[in-house]
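Trainee: just to be clear, the model below is a prediction. Sequence and coordinates:
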Amino acid sequence: MSTFPYEVADSHGVMNRRIEKVTAAFLKQHQQGRFSAGQLVVRQKGRVIINLAIGEGVALDRSATIKVTPTSLFPVYSAGKPMAALCIALLQQRGLVDLSATVASYLPEFGQAGKMNITVDDVLTHKAGVFIPELWQDVMQQRSEEDIWQRICDTPPTYPLGTFAYMPGEYGWILSRLVKKIDGRSLPDFFQQAFCAPLELSDMSYGLNSRNPSEIVLSQWLGKSVEMVAGANAAEYFEEAQTSLNLFHSMNPAICMVSNAASLAAFYAFLLEKGTGRNGQSLLSEEMLDFYTKRQVTGWNKSLKTYLAISRGFMLGTLMPSSFGWWNSSQCFGHAGAFSTLAFGDRKTGVSAAVVTNGNAGINDFFWRFIPLGQMIRG
């Protein structure tokens, strides 16, 4: 297989011992039962140096068992948050949105219940204070997009404006509504046409994108029965939310991305190339990309109850332990997806990487798995 983005790994010029160390660590996690199906792709300066697919998983509709290949698709959840932010970045580059403007100036109904002063930038940097844990239940019940939006509009902020509180789903619904209002297209369609098509990343999308659920690997819950994250029990109905397809039909870009490791790693390679596509076309200016990956908030966030550094839509590395490694990952930008996926780019090494699996066991297990793996990938 040699079609982009699924090139065969070429380790020429790269220390084989380090590659062996990374792949051995990933294989060991698989052997330990941390996941039954997974992919690991590492690119560096235009070349794929690791391309590993292992195991098998149950299909989303439970109709079959899927033997994982480099092209197999997985739900990657919040790994889609940065892409939603870049849709806003492209609208900003075109002069169509002002981050300092209030969301209510574009969507007047949003200004209800004390949300009049929340800016677009507050949403992008998770400082809006809009936090409704029960929205997960609304997705499970397949409430309509209009019903969910009305609930967001009617609900006052949980935290004072400026409080660092990560918004798991609210972030996506607000940005989706904003893109639709400004551009006329849905955010998933906008992303597909503005980024995926020119980058030839046809296997990355929000929602199922006309795919059969039997082609997508079900993410499994392997942790405790109660895992409180951002005010909601992440373990509750975790697999049921996927098999009912409500999660994907919601088309919320904060939670419903489907992709594979190859596509995610290729997307971050594009970002490391300063927003330049495969044909040399500039899809996003270097200045805008720098603006969206520049650190905005660092510290303890109220909802996840973890220490976190973020920019606009991206999680960032730090000098201390982060998702990307034990130390000195401050040149990294990316995002996790549930407790099973991590995709990032590292400006220092020129490495872009994606780890996609079907195993979720909570935030502690996520750190146990991904921090040492990220450190080894960056080398």
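Mentor: Arrived safely. Residues are numbered from 1 along each chain as shown.
Trainee: the closest residue to residue 322 other than its chain neighbours sits in which helix or strand?
Mentor: Nearest residue to residue 322 in three dimensions, chain neighbours excluded: residue 329, at 5.1 Å (Cβ to Cβ, 6 or more residues apart in numbering). From N, CA and C alone the C-beta is placed, and that goes for glycine too. Per DSSP states H and E, residue 329 falls between elements, in no helix or strand.
Trainee: residue 329 and residue 346, how far apart?
Mentor: Distance of residue 329 to residue 346, given as Cβ to Cβ, to the nearest Å: 7 Å.
Trainee: between the two, which contacts overlap?
Mentor: 317, 378 (Cβ atoms under 8 Å, 6 or more residues apart in numbering).
Trainee: can you pull out the helices in the stretch 151-300 of the chain?
Mentor: 170-183, 187-191, 197-199, 238-243, 246-249, 261-272, 286-292 (DSSP state H, counting those that start in this stretch).
Trainee: quick one: residue 131 and residue 169 touch, right?
Mentor: No: the criterion here is Cβ atoms under 8 Å, and residue 131 misses it with residue 169 at 9.7 Å.
Trainee: who has more neighbours out of those two?
Mentor: residue 169 (25 against 22; other Cβ atoms under 10 Å).
Trainee: how close does that one sit to residue 160?
Mentor: For residue 169, the distance to residue 160 - Cβ to Cβ - is 21 Å.
Trainee: cool, and residue 279?
Mentor: Applying Cβ to Cβ to residue 279 and residue 160 gives a distance of 47 Å.
Trainee: residue 119 now?
Mentor: 14 Å.
Trainee: how about the spatially most central residue of the chain, secondary structure?
Mentor: With distances taken as Cα atoms, centre = their mean, residue 79 lies nearest the centre of the chain, 1.0 Å away. Secondary structure, DSSP: H, G, I helix; E, B strand; the rest coil: residue 79 is helix.
Trainee: find the nearest non-adjacent residue to it, please.
Mentor: That would be residue 337: by Cβ to Cβ, 6+ apart, it lies 3.4 Å from residue 79.
Trainee: over to residue 307?
Mentor: residue 300 (5.6 Å).
Trainee: give me the pLDDT value at the one you found.
Mentor: Looking at residue 300, its pLDDT stands at 95.
Trainee: ok, it to residue 313 distance?
Mentor: Residue 300 sits 20 Å away from residue 313 when distances are taken as Cβ to Cβ.
Trainee: who has more neighbours, those two?
Mentor: Per other Cβ under 10 Å, whichever of residue 300 and residue 313 has more neighbours is residue 313, with 26 against 10.
Trainee: returning to that earlier point: pretty sure the residue nearest to the centre of the chain contacts residue 340?
Mentor: No: in this structure, residue 79 is not within contact of residue 340 by Cβ under 8 Å, at 9.4 Å.
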